[in-house]
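**Q** Any chance you could fold what I've pasted below:
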Amino acid sequence: MHVTVNGVRLYVDIEGAGLVPDGPRMRAKPTLVLLHGGPGFDHSMYKPAFSALSDICQIVYYDHRGCGRSENGPTERWTLDQWGDDVRSLCDTLGIEKPIVLGTSFGGFVAQAYATRHPGHAAKLILVSTAAKFDFEQVYAAFERLGGTEAERAARGYWSAPSDATRAVYRTVCVPLYAPRNQADDGAWVARAISRNETGIHFNGPGNEHGRFDFRDALARVSCPVLVMAGDKDPITPIAFSEQIAASLPPELVSFRRFAGCGHGIVADDREGALQAIRNFVIAQC
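**A** Residues are numbered from 1 along each chain as shown. Next up is the predicted model:
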């Protein structure tokens, strides 16, 4: 279905009941709002794995503006401020109070924009394979370690000069390195996702907002519990990025989980461990 949020129709899919029978009453389950990566991909990266959590929470999948099945809206509003405000407005439109918001990669950037612009709105925050500030030189070095000179050149070529041509080379050479060689998935998530190159090209690279955003100071305003999850073999958001997020948050609110041997897609590389960590965090009493 589509829901109009801040003047743009966003594609939304909801899994599981929000109210469930519990003896003589109806019990409300928490709502988990999933923010997908990219930008330019869609929410399908979370399916079917996250269905395993539908017994403990209602799950809201949606595509960011300019992504997937959602409308573009004005391209000048393809910004982290706007994407973050869309999270808040989507919750208000759907009547979701105190959501648990999970963002992966680019979705983690959006989650940080949302949480720092609307402190106190979320019940909990989960940041997976993401960054508070992007250091491209660390990324180039990580790809060189994993894939040699070819990978370093492909990464530098795309991120320094985003275009359809450099993005195509990057997807061929670098994206397969997102997962450790001994744990790589079959790549089906890439095949089934709606890819919107124009959104990635608009956002990506040191010369665009990707190179300018910096949430390190603003994260001190977050007032809800936060789970930070990172794989120690991730080349595109190296684990040092997540360690920096954890160090920027109020220490009494943050939990940090390092996933050994995992790349960028922690759930793909260690589904049982990653989903159990999220489950434990969702059901934990604040």
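
**Q** The closest residue to residue 116 other than its chain neighbours and residue 110, how far apart?
**A** Excluding the flanking residues, the one nearest residue 116 by Cβ to Cβ, 6 or more residues apart in numbering is residue 218, at 4.0 Å. (C-beta placed from N, C-alpha, C; glycine too.) Counting by Cβ to Cβ, to the nearest Å, the separation of residue 218 from residue 110 is 14 Å.

**Q** and these two? which has more neighbours close in?
**A** The neighbour comparison of residue 218 against residue 110 (other Cβ atoms under 10 Å) goes to residue 110, with 28 against 17.

**Q** pLDDT wise, what is that one at?
**A** Looking at residue 110, its pLDDT stands at 98.

**Q** Tell me the secondary structure at it.
**A** Secondary structure state of residue 110, per DSSP: H, G, I helix; E, B strand; the rest coil, is helix.

**Q** pull the longest helix from the chain.
**A** helix 136-160 (DSSP state H).

**Q** now stretch 256-273, how far from the chain's geometric center?
**A** Distance of stretch 256-273 from the chain centroid (Cα atoms, centre = their mean, to the nearest Å) equals 14 Å.

**Q** And for stretch 164-175?
**A** Distance, centroid of stretch 164-175 to centroid of chain: 20 Å (Cα atoms, centre = their mean).

**Q** for stretch 193-200, same thing?
**A** How far stretch 193-200 lies from its chain's middle: 15 Å, per Cα atoms, centre = their mean.

**Q** now swap in stretch 54-66 and tell me
**A** Using Cα atoms, centre = their mean, the offset of stretch 54-66 from its chain centre is 12 Å.

**Q** And stretch 28-43, by the same measure?
**A** So, by Cα atoms, centre = their mean, the centroid of stretch 28-43 is 7 Å from its chain's centroid.

**Q** again with stretch 53-63
**A** 15 Å.

**Q** what comes up buried for that stretch?
**A** Buried residues in stretch 53-63, defined by neighbour count with 16 or more other Cβ atoms under 10 Å: 53, 57-63.

**Q** try stretch 259-275
**A** For stretch 259-275, by 16+ other Cβ under 10 Å, it's 259, 262-270, 273-275.

**Q** again, but for stretch 67-77
**A** Quick answer for stretch 67-77 (16+ other Cβ under 10 Å): 67-71, 73, 77.

**Q** So what would you say the end-to-end distance of that stretch is?
**A** End-to-end span of stretch 67-77 (Cα to Cα, to the nearest Å): 13 Å.

**Q** ok now it, how far from the chain's centre?
**A** The answer for stretch 67-77 is 17 Å, by Cα atoms, centre = their mean.

**Q** Tell me where the stretch 151-286 of the chain has helices.
**A** 164-173, 188-192, 197-203, 209-212, 239-248, 266-269, 271-283 (DSSP state H, counting those that start in this stretch).

**Q** ok now the fourth one, how far from the chain's centre?
**A** Put plainly, it is helix 209-212. Using Cα atoms, centre = their mean, the offset of helix 209-212 from its chain centre is 16 Å.

**Q** separation between the residue nearest to residue 116 and residue 82?
**A** 16 Å.

**Q** how about the strands in this protein?
**A** Ranges of strands within the chain are 2-5, 8-15, 19-22, 25-28, 31-35, 58-62, 100-104, 124-128, 226-231, 254-259, based on DSSP state E.

**Q** Given the third one, what are its sheet partners and their directions?
**A** Translated: strand 19-22. strand 25-28 (antiparallel) (DSSP bridges).

**Q** Can you give me the buried ones in the partner strand?
**A** So for strand 25-28, nothing qualifies as buried (16+ other Cβ under 10 Å).

**Q** And stretch 273-284, by the same measure?
**A** So, applying 16+ other Cβ under 10 Å, buried residues of stretch 273-284: 273-275, 277-278, 281-282.

**Q** And for stretch 40-49?
**A** 40-47.

**Q** next one: stretch 134-142
**A** Counting neighbours by 16+ other Cβ under 10 Å, stretch 134-142 gives 134-135, 139-140, 142 as buried.

**Q** before we move on, the earlier item: go through the buried residues of stretch 53-63 and say which is closest to residue 15.
**A** Distance to residue 15, by Cβ to Cβ, is smallest for residue 59 among the buried residues of stretch 53-63, at 4.3 Å.
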